[in-house]
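Peer 1: Fold the following and give me the result.
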Amino acid sequence: MKVFVNIKRIGSRKNYISKEEINLSTEPLTLRELITEIIKINVIDFNERINKKKFIDYLTTEEIDKKITMGKVSFGEIYNKNEADVKEAVECALLAYEDGIYRVFIEDNETGGLDEKIELSEGDTLTFIRLMMLAGRMW
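Peer 2: You can find the predicted model right below:
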């Protein structure tokens, strides 16, 4: 099943949001299954990038231009060579959702609890919004 995820680029000075395509191996029936599947895909991708060997580090003009629009020009080197654990990452993501650290939207509809049924169709757009906790008080 192909879905799209809205992604805000880290380090971008502009409001640079892009849609990235994700291919899910199964159709998730609950939010818990959806989060688990997306975390697994991302952890596998991260671990592959760690183990990928580069012969020559260089950036093309197009890559430099793209990185300039994102606000940071770098080689994308990962300095922490420890692989992520899928089970631990899934547990952390589910706990963060339960604690209200982020919310998930399918199209324009906010999802409910982790074990509530969701209706996800081919080509739907997912949005994950991280909520910030503010400190202090108003006088």
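Peer 1: Tell me how many other residues crowd the residue lying closest to D115 once chain neighbours are set aside.
Peer 2: Distances taken as CB to CB, 6 or more residues apart in numbering place T30 nearest to D115, at 5.4 Å, with adjacent residues excluded. (Glycine included, C-beta is placed from N, CA and C.) If you count neighbours by other CB atoms under 10 Å, T30 ends up with 16.
Peer 1: what's the distance between T30 and L114?
Peer 2: Going from T30 to L114 by CB to CB, to the nearest Å gives 7 Å.
Peer 1: try I35
Peer 2: 8 Å.
Peer 1: When those two are compared, which one has more neighbours?
Peer 2: Set I35 next to L114 and count neighbours by other CB under 10 Å: I35 wins out with 21 against 16.
Peer 1: Surely the more buried one forms part of a helix?
Peer 2: Yes. Per DSSP: H, G, I helix; E, B strand; the rest coil, I35 lies within a helix segment.
Peer 1: Would you report the backbone torsion angles of the closest residue to E110 other than its chain neighbours?
Peer 2: Distances taken as CB to CB, 6+ apart place R103 nearest to E110, at 6.0 Å, with adjacent residues excluded. For R103, the backbone dihedrals (degrees, to the nearest 10) come out as phi -120, psi 150.
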